[in-house]
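A.B. asks: my questions concern the predicted model and sequence given below.
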Amino acid sequence: MKTLNAAIIEDQPANIEILRDLLSRYCPAVEVIAQSGSIVESVELLTRQQPDILFVDVELSDGDSFEIFDRLPELRSHLIFVTAHNHYALRAIKSSALDYLLKPIVVSELKEAVAKASLRLGQDAPARSAATSSHSLLQEGILALPLLNGFQIVRIADVLRIEADRSYSVLHMLNGDQHLVSRPIAEYDRLLQSQGFFRTHKTHLVNLRHIRRYVRGRGGQVFMADGSAVSVAARKRDAFLEMFGQV
């Protein structure tokens, strides 16, 4: 089994240590790279990095962990709930949980859940290979947009902004064209960060070259070359202003 990166979302230090110990002894392929104990801390963590697996307790110090997934609808980590409460199982299923383990943890159930995650990640490998191919196109300044009957090539420099539409993305082009693509905005965020794009809001990714004006506010607004206005989330404001040396 290949190494799997994992994070633990749990607000009780004793429970974290128990899970870490069980994983070390019985699931050595799992490497715990991070942990958090609150909704706020978890959202910040998962905005920066998304491990292969999340071991998640439901009841945290500042609410229930389902709020994390409401705030991060494009989360790609595989969820394994680890909780003392069995009445959250239905909500876990609706959150696309891979497994639901009750405390105290049964070792055989833990090993089975990790095996499921490993199998699912193996099935996802072709998608990761496609992402690698996409990266080579980026070096040429090109995006291939999937269509029902093929794909369309666009120049990255001509993309004004990308707007989220549930699990789809709408690419707004400099010439006024719009392309609806069956890819989540998070995928374009990962692809285009190195190409001068910035995620100003959970619903928007903008091409920094085509920003014409910024108006301050709690988060503020940017005005694009076509006159459209895009909100800047309050938590993104400082990072955005830093891009322009304005902090």
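C.D. replies: Yep, that arrived.

A.B. asks: point out where this protein drops to low pLDDT.
C.D. replies: 1, 123-140, 148-149, 247 (pLDDT under 70).

A.B. asks: grab the most central residue of it for me.
C.D. replies: A centroid search over the chain (Cα atoms, centre = their mean) returns Leu75, at 3.9 Å, as the residue closest to the centre.

A.B. asks: need the phi and psi values for that one.
C.D. replies: Main-chain dihedrals, Leu75, degrees, to the nearest 10: phi -60, psi 130.

A.B. asks: and if you look at the one 3 residues further on?
C.D. replies: The phi/psi pair for His78 (degrees, to the nearest 10) reads phi -90, psi 130.

A.B. asks: ok, Phe198 to Gln178 distance?
C.D. replies: Distance, Phe198 to Gln178, using Cβ to Cβ, to the nearest Å: 20 Å. Where C-beta positions appear, they are placed from N, C-alpha and C, glycine not excepted.

A.B. asks: out of those two, which sits in the more crowded spot?
C.D. replies: Set side by side, Phe198 and Gln178 give different neighbour counts by other Cβ atoms under 10 Å, the larger being at Phe198 (19 against 10).

A.B. asks: dump whatever helix or strand Leu192 lives in to PDB, keeping only the CA atoms.
C.D. replies: The secondary structure element spanning Leu192 is helix 185-192 (assigned by DSSP states H and E). Below are the C-alpha coordinates for helix 185-192, written out as PDB (Å, rounded to 0.1, in the frame of the first residue of the first chain):
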ATOM      1  CA  ILE A 185     -13.400  25.900  -9.600                       C
ATOM      2  CA  ALA A 186     -10.900  24.300  -7.100                       C
ATOM      3  CA  GLU A 187      -9.400  22.400 -10.000                       C
ATOM      4  CA  TYR A 188      -8.700  25.600 -11.900                       C
ATOM      5  CA  ASP A 189      -7.400  27.300  -8.700                       C
ATOM      6  CA  ARG A 190      -4.800  24.600  -8.400                       C
ATOM      7  CA  LEU A 191      -3.900  24.700 -12.100                       C
ATOM      8  CA  LEU A 192      -3.700  28.500 -12.500                       C
END
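
A.B. asks: and it, what does it pack against?
C.D. replies: For helix 185-192, the packing partners by 3 or more Cβ pairs under 8 Å, 6 or more residues apart in numbering; DSSP states H and E come out as helix 125-138, strand 159-165, strand 168-173, strand 197-201, strand 204-207.
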